[in-house]
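[1] No sequence on hand, only this structure:
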């Protein structure tokens, strides 16, 4: 089944299952910055990844991926002056202007793991469950709570006009009244299990 829910663009950070302890971890996309070809050598051998990006309907361009939590506070000072500004490093890697790279960083606050990771969404989602052959997922706990409240509401239009649009576009299987009770129980178990 394809639809709006499945193709929703991911936010900068999502909660995922830690590959080490299976706990809840935070995934943050790597940032990317467009480089001039003559400056690529300045980033080689550092904690960056150099990659060719495809801008839609345009040419390829060199860029550098970086993972801010892996770098010490002085990393910008070691770069050429034109690359030191904070605004130049805020472009997210899975933006429409790049090739949609899915690299980022996982930080787990249970086992303290911190590592680069290639996101496989929604398979990596911590807040996800299967129901009658369909996958229900959320970016984070707050979104799963909103989904639960939406599912259990009897008058959804009046109560949830201000909710994120993704919640109103859940697949029909999750919105049927006959599935309401069991889904709410499954979601509560997912959210509140130790």
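    Great, that's in hand. Since we're looking at a predicted model, the values are computed, not measured.

[2] Which strand residues bridge the closest residue to residue 125 other than its chain neighbours?
    Using Cβ to Cβ, 6 or more residues apart in numbering and skipping the chain neighbours, the partner closest in space to residue 125 is residue 137 (4.2 Å). Every residue, glycine included, has its C-beta placed from N, CA and C. Beta-bridge partners recorded for residue 137 (DSSP bridges): residue 128.

[3] In the helix or strand encompassing residue 147, which residues are buried?
    When secondary structure is defined using DSSP states H and E, the element that contains residue 147 is helix 141-152. Of all the residues in helix 141-152, those buried under the rule 16 or more other Cβ atoms under 10 Å are 143-144, 146-151.

[4] Please apply the same query to stretch 171-179.
    Buried residues in stretch 171-179, counting neighbours by 16+ other Cβ under 10 Å, are found at 171, 174, 179.

[5] Could you let me know which of the residues you listed ends up closest to residue 128?
    For residue 128, the closest of the buried residues of stretch 171-179 turns out to be residue 174, at 12.3 Å, with distances computed as Cβ to Cβ.

[6] picking up where we left off before, got a markdown table for the buried residues of helix 141-152, with distance to residue 109 and pLDDT too?
    A markdown table is the format used below for the buried residues of helix 141-152 (distance: Cβ to Cβ, whole Å; pLDDT from 0 to 100):
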| residue | distance to residue 109 | pLDDT |
| --- | --- | --- |
| 143 | 19 | 90 |
| 144 | 18 | 93 |
| 146 | 22 | 87 |
| 147 | 23 | 90 |
| 148 | 23 | 92 |
| 149 | 26 | 88 |
| 150 | 28 | 87 |
| 151 | 28 | 89 |
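
[7] need the contact list for the residue located most distally from the centre of the chain.
    Computed with Cα atoms, centre = their mean, the residue of the chain farthest from its C-alpha average is residue 38, at 32.0 Å. Contacts of residue 38 were listed using Cβ atoms under 8 Å, 6 or more residues apart in numbering, and none were found.

[8] now it: how far from residue 190?
    51 Å (Cβ to Cβ, to the nearest Å).

[9] and if you look at residue 143?
    Taking Cβ to Cβ as the measure, residue 143 and residue 190 are separated by 12 Å.

[10] what's the overlap in contacts for those two?
    Residues touching both residue 143 and residue 190 (Cβ under 8 Å, 6+ apart): residue 127.
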